[in-house]
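Undergrad: pasted the sequence and its predicted model underneath.
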Amino acid sequence: MDNLPCKHEDIKDIIIRAAKDIFARFGFKKTTMEDIANAVHKGKSSLYYYFKSKEDVFKAVIEKESSILNSEIVKAVSQEETPQEKLRAYAVTRMRILNNLAVIYNSLKGDLYQYTCLNTSLRKKYLNDELKMVEKILKNGVDMGILMIKDIEMTSSAIITALKGLEYSLIIGPDTSKTENEIENLLNILFYGMVKNNKVKVM
């Protein structure tokens, strides 16, 4: 007997939550559908009623955690006033939540790069969301007369690329305090530049 509620979405949510813990513990390659089925006390064959493959389960987990990440970032950014504060809140919150979301963090370690192209497709999907958020912050700064930016889209892409480069610090050792210092240094360069007594900030 399956010890699960009857609602389709409730069952899917239980499977996703169980799969998250298993993926975080064993990684994508070593996790099997049977492992996930056993965790929710369900036969492996019936698991395929809800998900076509292990890749589909993993995708659902990533989407769930990415939704949490996005919600926390939006909340943090909305609480700030200036574009500088908003961008700092975006960058710091992103790293803090990313470090806490086990499956997303573990996927950065290269497991999926070796065994499937799923990680690439998922990253592309959420890259656009990040770009839109940073572009909105920068445009707001331009509209307020605080920032002077020639190309908002290009600048947003450069900022996100730089932040993704800092993910390496989390991969080799999840020390958030070190990463936050690196973010502060990056933002200081972005806002104030490297030229002494530079009065005009053009990005």
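TA: Nice, thanks for sending it over. Numbers count the residues shown, from 1 in each chain.
Undergrad: neighbours around Val77, how many?
TA: Other residues near Val77 come to 20 when the count uses other C-beta atoms under 10 Å. All C-beta spots, glycine's among them, are computed from the backbone N, C-alpha and C.
Undergrad: so what secondary structure elements neighbour whichever strand or helix holds it?
TA: If you go by DSSP states H and E, Val77 is part of helix 54-78. Counting contacts by 3 or more C-beta pairs under 8 Å, 6 or more residues apart in numbering; DSSP states H and E, helix 54-78 packs against helix 8-30, helix 33-39, helix 83-100, helix 102-107, helix 118-143.
Undergrad: tell me the buried residues in the first one?
TA: Right, helix 8-30. Ile11, Ile14, Ile15, Ile16, Ala18, Ala19, Lys20, Ile22, Phe23, Ala24, Gly27, Phe28 (16 or more other C-beta atoms under 10 Å).
Undergrad: pretty sure Ala24 is in contact with Val103, am I right?
TA: Yes: proximity of Ala24 to Val103 meets the contact threshold set by C-beta atoms under 8 Å, at 5.4 Å.
Undergrad: need the overlap of contacts for these two.
TA: By C-beta atoms under 8 Å, 6 or more residues apart in numbering, Ala24 and Val103 have no common neighbours.
Undergrad: lowest-pLDDT helix or strand in the chain?
TA: Ranked by mean pLDDT, DSSP states H and E, the helix or strand of the chain with the weakest confidence is helix 111-115, at a mean of 52.
Undergrad: which residues of this protein score low on pLDDT?
TA: Counting by pLDDT under 70, the low-confidence segments of the chain come to 1-8, 102, 104-123, 168-177, 194-203.
Undergrad: again, only this time at 90
TA: Across the chain, the ranges flagged by pLDDT under 90 are 1-11, 23-30, 42-46, 55, 58-59, 62-70, 91-130, 146-150, 160-203.
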